[in-house]
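Just a sequence and a predicted model for now, questions to come.
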Amino acid sequence: MAATRRSVFRSEEDSMWRKPAEGKPSSESYNQPVSSSAPVESSLAPQPSPAPAPPAPSRSLADSAPVALGGNASRITSGLKINGEITGSADLYIDGEVQGKLRLGSARVTVGPNGRVQADIEAREIVVEGQVDGNLKAGERAHFGSSSRVNGSVMTPRIGIDDGARLRGKVETVQAAPARPTSSGIKQEATETLQPVEASVKSE
Amino acid sequence: MAKARPAAPSSAAGVAPSKPGPSAAAAPAPSNVRVSNALKEFLWLISDVPQGRILDLGPVWQSTVSFFVDKGYRVSTEDLLRTWKEFLTAEEEGFRRAPVGATAERISPAALADKFLESALQYQERSFHGVLAWDLLDYFDPEVTPRLMERLAQLIHPGGAMLAMFHSRAAERFHRYRVVDGQTIELIPAPTLAVHAHVFQNREILGLFAEFRSSKTFVGRDQVREGLFLK
């Protein structure tokens, strides 16, 4: 049985569907009768010409698996609860609970599977495997693991999302923050002065 | 300047289970893809809007987010069906825990929908240029759907488009959807989150989208109706 576009429900304003003819999807392509035995895979097969342009690397958002956390990262382990603002330049791993604000502009913040964060997070890299209620702003990349639960907007140049991740919010891309060259032209990393952590810690 | 014409699909909308081949090991192909004319038209309709906003009412997928963000759109996701089920579960739990003799009463689906919308779909009016509803309207109680549609219509910018799909018979399996490319979507078999609640007749669909200016439908070989609605 041939299967084609069947009908138009309504057409109160026919012109609303009209755009410049050269931009309109070809109606001929819809009207071509197609045998039900026609392999649909053929529509997905690479076309001989024109050759598809390779994707521009700079625009690619797909991100690989999260990088392993460095051994010198600070850790908020399961059973700890912190209320307050955390700032600084050291990597941070959160498997406990944090409420407040996290500003670690040149570091990586990882929310572990048991981590519960109710805070806006600003960091170079943000990796989430637990739950975050707050807005995320990553300077380089954000990655949401399969067990992640995020409620909030995400601003990042690159994003990685594993199947099973849950996001309720907006994803917006921003330009990656340019690396700050030193006088010798070498990229400068993590030179911010460590800020005091103002927080109250409660063990459970 | 004329817009680039999208590549024409070589087939009408339909489902095409891919077959594993020798190359599958290197790059696993989508297991269950569907050529979607409605998606192609949807993209064409919103292509005039620079940095438009898209609302995906399904779960978040890397491929869908990347597809739209690469084109300069901002994407919001809200897994509406899952949120609804969690809301119902919480309501049921609250009802069960109510002390005996309390005045807790089961409320109607429509009233539940109103309560649900106090926390769901909380966006500014006219803030989206495109909404991807997939087939979720089939899974809501018929009393709930009009409330959802009323809210969704408020969220869509005039001239914006909404893509929705309707099964012509009760869906045998629950699927999620993600965008593969400009004319292809992938059906992801998923644990049943909700049972198929209602098979919409065409006139019922028109009633749901009464606040929209126009609509088109595309019927696939599997009899799934893809609807594209213009506000």
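On my side now, so go ahead.

Show me the helices in chain B, by range?
For chain B, the helices defined by DSSP state H occupy B:37-46, B:62-70, B:80-97, B:109-116, B:145-155, B:202-208.

Can you list the helices and strands that the top strand by length along chain B packs against?
Counting by DSSP state E, the longest strand found in chain B is strand B:156-166. Applying 3 or more CB pairs under 8 Å, 6 or more residues apart in numbering or on different chains; DSSP states H and E, one finds that strand B:156-166 contacts helix B:37-46, strand B:128-134, strand B:225-230. (Each C-beta comes from the backbone N, C-alpha and C, glycine too.)

how many degrees apart are the first one and strand B:156-166 in direction?
Comparing the axes of helix B:37-46 and strand B:156-166 via axes from the mean of the first three to the mean of the last three CA atoms, to 10 degrees yields an angle of 170 degrees.

hmm, helix B:37-46 touching chain A?
Yes: using CB under 8 Å from any CB of the partner chain, helix B:37-46 reaches chain A at B:37, B:40-41, B:44.

Turn those into TSV, columns for pLDDT and neighbour count.
What follows is those, written out as TSV (pLDDT from 0 to 100; neighbours: other CB atoms under 10 Å in any protein chain shown):
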residue	pLDDT	neighbour count
B:Asn37	93	25
B:Lys40	95	24
B:Glu41	95	24
B:Trp44	94	20
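
Give the partner strands of the longest strand along chain A in its sheet and their orientations.
If you go by DSSP E, chain A has its longest strand at strand A:97-111. Strand A:97-111 has the following sheet partners, assigned by DSSP bridges: strand A:80-87 (parallel), strand A:92-94 (parallel), strand A:116-128 (parallel).

okay, the ones you listed in JSON lines with mean pLDDT and mean neighbour count next?
Formatted as JSON lines, the strands paired with strand A:97-111 follow (pLDDT from 0 to 100; neighbours: other CB under 10 Å):
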{"stretch": "strand A:80-87", "mean pLDDT": "95", "mean neighbour count": "17"}
{"stretch": "strand A:92-94", "mean pLDDT": "96", "mean neighbour count": "23"}
{"stretch": "strand A:116-128", "mean pLDDT": "97", "mean neighbour count": "22"}
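
For the ones you listed, give me JSON lines that also has distance to B:Ala120.
Shown next, in JSON lines, are the strands paired with strand A:97-111 (distance: least, CB to CB, whole Å):
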{"stretch": "strand A:80-87", "distance to B:Ala120": "28"}
{"stretch": "strand A:92-94", "distance to B:Ala120": "28"}
{"stretch": "strand A:116-128", "distance to B:Ala120": "20"}
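
Select, out of these, the one closest to A:Lys137.
In terms of CB to CB, the element of the strands paired with strand A:97-111 nearest to A:Lys137 is strand A:116-128, at 4.6 Å.

where in chain A is pLDDT low?
Counting by pLDDT under 70, the low-confidence segments of chain A come to A:1-71, A:176-204.

can you rerun that using 50?
Applying pLDDT under 50 to chain A flags residues A:1-15, A:20-22, A:24, A:26-60, A:64-65, A:67, A:180-204.

All the strands of it, in order from the start?
Counting by DSSP E, the strands of chain A are A:7-11, A:74-76, A:80-87, A:92-94, A:97-111, A:116-128, A:131-133, A:136-144, A:149-151, A:154-156, A:158-161, A:166-173, A:198-203.

on that earlier part again, could you tell me the average pLDDT over the longest strand of chain B, please?
Confidence for strand B:156-166, expressed as mean pLDDT, is 96.

Please identify the buried residues of it?
Neighbour-count burial for strand B:156-166 flags B:156-157, B:160-166 (criterion: 16 or more other CB atoms under 10 Å in any protein chain shown).

residue closest to the middle of chain B?
Centroid-nearest residue in chain B, with CA atoms, centre = their mean: B:Ala133, separated by 1.7 Å.

Spatially, what comes nearest to that one if we skip its sequence neighbours?
Leaving aside its chain neighbours, B:Ala133 sits nearest to B:Ala164 (4.2 Å; criterion: CB to CB, 6 or more residues apart in numbering or on different chains).

Look up the residues forming beta bridges with that neighbour.
Beta-bridge partners, per DSSP bridges, of B:Ala164: B:Trp134, B:Gly227.
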